[in-house]
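K.L.:
below is the sequence, then the predicted model.
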Amino acid sequence: MSKIGFIGVGIMGNPMAGHLQAGGHQLYLVRHRSPLPQALLDGGAVACDSAKAVAEQTEIVITMVPDTPHVDQVLFGEDGVASGLSPGKLVIDMSSISPSETKSFALRINQLGCDYLDAPVSGGEVGAKSASLTIMVGGPGSAFEKARPLFELMGKNITLVGGNGAGQTCKVANQIVVALTIEAVGEALLFASRAGVDPAAVREALMGGFAGSKILEVHGERMIKRTFDPGFRIALHQKDLNLALTGARELGLSLPNTATTQELFNACDGNLDHSALVQALEALASHEIA
């Protein structure tokens, strides 16, 4: 059993932390304005007053928060994780944030005598609940092997991609593929529906062919059934595409379809699930998939 700090028990973090707890590990959480998940507390999780206190009492600290500034604040803000670390501990950031900032965060943690892994995930709320997340890891191999048993409690496809920052770069690439595929599924189902063909039947037929994908299966169904409650909010996907487009400018790359998809997201309610991207296409066509 390890003592594990877990900071960020939201839509994704709550079930991820729950799997660690079910695996026999002692959790330490940070009290926030909103109540901590009662199930974790009932399972024996310890509530601490600060991220510093969490780091002082644990061997491994995991962060799962929305964006780069949040990781910065949790790690290096007043009473942050860094102020409670001692040499030999491990910090794992499972948020989806800037690859370049991740390298800077890792260096600052390394200077305290601790290891750092960036380990963003893909699979959404469904994957978090089913412990089937894809986990893309950047950092030293020794730290990866130390963390692997924890990753195996939360995910299935676990890959050490490279050094610090490589995990976040891989996640940005993942988000490009996911966004563009959601857009493609939306266009396909909109085309079929406008042509007078049942989009549900089209989706079922496509699932058995080369166009079949997890996104067609899950997000295509959401588009047809109009179930846009967030599993992964548009606003968070926009954040990830901003990372892609900013990185592309730094690298001198053009990502034209990523930019177009970002513009379509801009026309949508950011609090909806990213499958609601189809609503922007429907508005352009004056036709709703149903």
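P.N.:
Structure's in. What do you need?
K.L.:
ok, residue 5 touching residue 56?
P.N.:
No. Contact between residue 5 and residue 56 fails when scored by Cβ atoms under 8 Å: they sit 9.3 Å apart. Bear in mind the C-beta positions are built from the backbone N, C-alpha and C, glycine included.
K.L.:
looking at the two, which is more packed in?
P.N.:
More crowded of residue 5 and residue 56, by other Cβ atoms under 10 Å: residue 5, with 29 against 17.
K.L.:
quickly find the element holding that one.
P.N.:
For residue 5, the element it lies in under DSSP states H and E is strand 3-7.
K.L.:
next helix or strand past that strand?
P.N.:
helix 13-22.
K.L.:
quick one, that following helix and strand 3-7 angle?
P.N.:
170 degrees (axes from the mean of the first three to the mean of the last three Cα atoms, to 10 degrees).
K.L.:
so what touches the helix or strand hosting residue 202?
P.N.:
Assessed by DSSP H and E, residue 202 sits inside helix 199-207. With Cβ atoms under 8 Å, 6 or more residues apart in numbering as the test, helix 199-207 has contacts from 188-189, 192-193, 212, 216-217, 220-221, 223-224, 289-290.
K.L.:
how about 6 Å then?
P.N.:
For helix 199-207, the surrounding residues in contact (Cβ atoms under 6 Å, 6 or more residues apart in numbering) are 189, 192-193, 220, 224, 289.
K.L.:
buried residues in it?
P.N.:
199-200, 202-203, 206 (16 or more other Cβ atoms under 10 Å).
K.L.:
reformat those residues as CSV; add pLDDT.
P.N.:
Formatted as CSV, the buried residues of helix 199-207 follow (pLDDT from 0 to 100):
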residue, pLDDT
199, 98
200, 98
202, 98
203, 98
206, 98
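K.L.:
nearest to residue 12 among those residues?
P.N.:
Lowest distance from residue 12 to those (Cβ to Cβ) belongs to residue 203, with 26.2 Å.
K.L.:
mind exporting the C-alpha coordinates of the helix or strand in which residue 73 is found to PDB?
P.N.:
Residue 73 is part of helix 68-76, with elements assigned from DSSP H and E. Included here for helix 68-76 are C-alpha records, laid out as PDB according to Å, rounded to 0.1, in the frame of the first residue of the first chain:
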ATOM      1  CA  THR A  68      -1.600  24.700 -17.200                       C
ATOM      2  CA  PRO A  69      -2.200  27.600 -14.700                       C
ATOM      3  CA  HIS A  70      -4.000  25.300 -12.300                       C
ATOM      4  CA  VAL A  71      -1.100  22.800 -12.300                       C
ATOM      5  CA  ASP A  72       1.300  25.800 -11.800                       C
ATOM      6  CA  GLN A  73      -0.700  27.000  -8.800                       C
ATOM      7  CA  VAL A  74      -1.100  23.500  -7.300                       C
ATOM      8  CA  LEU A  75       2.600  22.700  -7.600                       C
ATOM      9  CA  PHE A  76       4.300  26.100  -6.900                       C
END
